[in-house]
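Q: A predicted structure for the sequence below; I have some questions about it.
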Amino acid sequence: MPNPSGQIGRLLLLRRRPATPSAAAAAAAAAAAAARRCFTTTEGHRPTMVHKRSLDILHDPWFNKGTAFSMTERDRLDLRGLLPPNVMSSEQQIDRFMADLKRLEEQARDGPSDPNALAKWRILNRLHDRNETMYYKVLIANIKEYAPIVYTPTVGLVCQNYGGLFRRPRGMYFSAADRGEMMSMVYNWPAEQVDMIVVTDGSRILGLGDLGVQGIGISIGKLDLYVAAAGINPQRVLPVMIDVGTNNEKLLEDPIYLGLQQHRLDGDEYIAVIDEFMEAVFTRWPNVVVQFEDFQSKWAFKLLQRYRNSYRMFNDDVQGTAGVAIAGLLGAVRAQGKPMIDFPKMKIVVAGAGSAGIGVLNAARKTMARMLGNTETAFASASSQFWVVDAKGLITEDRDDIDPEARPFARKVKEANRQGLREGASLVEVVREVKPDVLLGLSAVGGLFSKEVLEAMRGSTSTRPAVFAMSNPTKNAECTPEEAFSIIGENVIFASGSPFEDLDLGNGNIGHCNQGNNMYLFPGIGLGTVLSGSRIVSDGMLQAAAECLAAYMTEEEVLGGVIYPSISSIRDITKEVATAVLKEAIEEDLAEGYRGMDARELKKLSQEEIAEFVQNNMWSPDYPCLVFKDN
Ligand SMILES: NC(=O)C1=CN([C@@H]2O[C@H](COP(=O)(O)OP(=O)(O)OC[C@H]3O[C@@H](n4cnc5c(N)ncnc54)[C@H](O)[C@@H]3O)[C@@H](O)[C@H]2O)C=CC1
Ligand SMILES: CC(=O)C(=O)O
Ligand SMILES: [Mg+2]
């Protein structure tokens, strides 16, 4: 969150003080006159009433426009003399900011490197702290360039270094020490309306493990995409960190660590903290959507089961990733020139059986089973298309301590033996014997798809074998695109969780690097759910999101190896996904309405009107005309 004075200013907004009738009438008349002027001087936006003036406005990133305050606004808001006299357009402001940012790149002798990315993050973060409108304008206009800074991979580095990088607070922290207080402390947040919360407990940040309180960076990064891609108003997002301690011994001993220096709570004590948080935020903001992010698998599934039927929530790693993977897998089928209905014939080896891997496996099995008629036999037949390898090797029914979530995917021992495989077989053995169509990694182990594994993929029975190296950040990718294309061949379909540049294959051909990341779904799932007012995020709504993403790519693109959209079109794809989610919520009779649009009205909307409703509710980073109004 912004500086303390800004926060206090907004808190004051919430406390209404009755004005004397004459003062109130004068203020209303002045505001109305100013509003009339605003309508004639700006692009027709409704003016925004602010209850502060002078330096308080300049220090408030929600309202600050910096040098873009017009002279009339400067007069109206007591800003004259507090800014350099040259009034700049928002375009000029961005030119000046970008020139400064580009200088950094020119001066970096070794080309892009991690410290360089971190320096860019610092500059963008400072802008975020002083002027949110301009920050999001820069981010949206340069999403391809800056998503890798505010999101994966750099956000991982930011989380790892958060102790040193922390300047101004952003978001809320609920800690184990706050038990019994959450219901009141939730009112310390200055915004009366919150649409989206992204919450983490920091226990598994990307593939970087337990980063404790420093994991707040991932909630902030995900919400940046909510604003940039889904057009959620930045004043209505809330990043949250639930600090129940950390089991990262280095952080426990680090003198500058900002979180609770105790081991993580577990069992009922842990659940009590999360329960209290959920009750508190839904009490204050009954319409909010809560996205669970980067909880270790152990809790990801349990919390999802605990809350999914009673709260408007979803788990991005389990459910968002699943939808993105399904869309990519269907793309891989189409890339072979086959119809999607051939999906149940695909042989898929999955490396990693954590929250993401299991989420993908469940969704893929369900999709296959549905295509096969949704019978018990269909489910059994679908299950036999997957081979799951975790840290202990191939999972079979022979394993003693098999994780209950992975059990449905354990290979039958006899069947495995017939294939020349056994419990604990290595990834390379599995790939050699199975000759899969798809090799999908959600293991958090960089380089897991070694030369031997990729060479084994050359034996794939598919005409277009697919490699999904989905672990984040970049250094955790199971392989690089160079490795995949050079070892398997030019016809490979490649996707990775963090972005890679497309490859010049040297013969006029391009090796396309798709980014297979849940960022293509979670903003649309969140936006569609907010606008529907549904009390839950149903399986049908998630399925609609995945199908929408799968259908987004044209035949030509898919045949060319492009199975995911470019990040440059993330705002468009998010709008489509949100429309599909909202439509499904309406069809399932779950939609209860949002603000001025009630359930009955939502039901009457045509597909085009639903899309229009979504579009009209997406915030854009344009400066509103500000009008002062006394409390
Ligand atoms: N691209 C995307 O949209 C997403 C990517 N991810 C990434 O997926 C990775 C895993 O996330 P979670 O499932 O939540 O983690 P997790 O820690 O719950 O699971 C990791 C799994 O990998 C397995 N594993 C470890 N070493 C292995 C090895 N040598 N061979 C095969 N399997 C091995 C573990 O046994 C475990 O089953 C992370 O890097 C995360 O960033 C997660 C969500 C979305
Ligand atoms: C992308 C994402 O959610 C993850 O890597 O955890
Ligand atoms: Mg995640």
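A: Happy to help now that I have it. Numbering: from 1, shown residues only. Ligands and ions are numbered 1, 2, ... in the order given.

Q: For the protein, which residues are neighbours of ligand 1?
A: Residues of the chain found near ligand 1 (CB under 6 Å from any ligand atom) are 204, 206-207, 297, 317, 321, 324, 351-357, 389-391, 427, 442-445, 448, 470-472, 476, 497, 516-518. Using the backbone N, CA and C atoms, a C-beta is placed for each residue, glycine as well.

Q: now those residues: which count as buried?
A: Buried by 16 or more other CB atoms under 10 Å: 204, 206-207, 297, 317, 321, 324, 351-357, 389-390, 427, 442-445, 448, 470-472, 476, 497, 516-518, out of the residues of the chain next to ligand 1.

Q: Okay, and which of the residues you listed map to strands?
A: 351, 389, 390 (DSSP state E).

Q: burial of residue 415, as a residue count?
A: Other residues near residue 415 come to 12 when the count uses other CB atoms under 10 Å.

Q: meant to ask about residue 190
A: As a burial measure, residue 190 scores 18 neighbours (other CB under 10 Å).

Q: i'd like the first residue to be 9 from this point on
A: From this message on, residue numbering opens at 9, which makes the last subject residue 198.

Q: gap between it and ligand 3?
A: 27 Å (CB to the ion, to the nearest Å).

Q: Find the helix or strand that that residue is a member of.
A: Using DSSP states H and E, residue 198 is not contained in any helix or strand.

Q: related to what we said a few turns ago, among the buried ones among the residues of the chain next to ligand 1, which ones are in helices?
A: Within these, residues falling in helices by DSSP state H are 305, 329, 332, 363, 364, 365, 435.

Q: now, the most widely separated pair of those residues?
A: The span of these, defined through CB to CB, is set by 332 and 435 at 22.3 Å.

Q: Could you identify the longest strand within this structure?
A: strand 245-251.

Q: export the helix or strand immediately after that strand in the chain as PDB, just CAs?
A: The helix or strand immediately downstream of strand 245-251 is helix 257-261, counting by DSSP H and E. Provided in PDB are the C-alpha atoms of helix 257-261 (Å, rounded to 0.1, in the frame of the first residue of the first chain):
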ATOM      1  CA  GLU A 257      15.800 -22.400   8.200                       C
ATOM      2  CA  LYS A 258      17.700 -19.700   6.400                       C
ATOM      3  CA  LEU A 259      14.900 -17.200   6.900                       C
ATOM      4  CA  LEU A 260      14.400 -18.300  10.500                       C
ATOM      5  CA  GLU A 261      18.000 -17.200  11.200                       C
END
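
Q: buried set for helix 257-261?
A: For helix 257-261, burial by neighbour count (16+ other CB under 10 Å) applies to 259, 260.

Q: what sits up against that helix?
A: 218, 219, 220, 222, 254, 265, 267, 269, 270, 271 (CB atoms under 8 Å, 6 or more residues apart in numbering).

Q: give me that answer again for 10 Å
A: By CB atoms under 10 Å, 6 or more residues apart in numbering, the residues outside helix 257-261 that reach it are 171, 210, 218-222, 253-254, 265-271.

Q: Count the neighbours of the closest residue to residue 327 other than its chain neighbours for me.
A: In space, and not counting its chain neighbours, residue 327 is closest to residue 550: 5.4 Å by CB to CB, 6 or more residues apart in numbering. If you count neighbours by other CB under 10 Å, residue 550 ends up with 22.

Q: I'd assumed residue 550 was in a helix, is it?
A: Yes. Under DSSP: H, G, I helix; E, B strand; the rest coil, residue 550 falls within a helix.

Q: Just the mean pLDDT for stretch 386-394, thanks.
A: Taken as a whole, stretch 386-394 has a mean pLDDT of 95.

Q: quick one: buried residues of it?
A: 386, 387, 389, 390, 391, 393, 394.

Q: close to ligand 3, is stretch 478-497?
A: No. Remark: stretch 478-497 sits outside contact range of ligand 3, by CB under 5 Å from the ion, the gap being at least 7.6 Å.

Q: what's the straight distance from one end of that stretch to the other?
A: Start and end residues of stretch 478-497 are separated by 19 Å (CA to CA, to the nearest Å).

Q: do stretch 496-504 as well
A: End-to-end distance of stretch 496-504: 16 Å, with CA to CA as the criterion.

Q: buried residues in it?
A: Taking 16+ other CB under 10 Å as the criterion, stretch 496-504 shows 496, 500, 501, 502, 503, 504 as buried.

Q: next one: stretch 236-255
A: By 16+ other CB under 10 Å, the buried positions in stretch 236-255 come out as 236-254.

Q: Dump it to PDB, restricted to CA.
A: C-alpha atoms of stretch 236-255 as PDB (Å, rounded to 0.1, in the frame of the first residue of the first chain):
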ATOM      1  CA  ALA A 236      -3.700  -5.200 -16.500                       C
ATOM      2  CA  ALA A 237      -5.400  -8.100 -18.100                       C
ATOM      3  CA  ALA A 238      -8.900  -8.200 -16.400                       C
ATOM      4  CA  GLY A 239      -9.300  -4.500 -15.800                       C
ATOM      5  CA  ILE A 240     -10.100  -4.900 -12.200                       C
ATOM      6  CA  ASN A 241      -9.900  -1.400 -10.700                       C
ATOM      7  CA  PRO A 242      -6.600  -1.200  -8.700                       C
ATOM      8  CA  GLN A 243      -8.500   0.300  -5.800                       C
ATOM      9  CA  ARG A 244     -10.400  -2.900  -5.500                       C
ATOM     10  CA  VAL A 245      -7.600  -5.500  -5.300                       C
ATOM     11  CA  LEU A 246      -6.000  -6.700  -2.100                       C
ATOM     12  CA  PRO A 247      -2.800  -8.700  -1.900                       C
ATOM     13  CA  VAL A 248      -2.700 -10.800   1.200                       C
ATOM     14  CA  MET A 249      -0.100 -12.800   3.100                       C
ATOM     15  CA  ILE A 250      -1.100 -15.100   5.800                       C
ATOM     16  CA  ASP A 251       2.100 -15.500   7.900                       C
ATOM     17  CA  VAL A 252       1.900 -18.700  10.000                       C
ATOM     18  CA  GLY A 253       5.700 -18.900  10.300                       C
ATOM     19  CA  THR A 254       8.200 -20.600   7.900                       C
ATOM     20  CA  ASN A 255      10.100 -23.800   7.800                       C
END
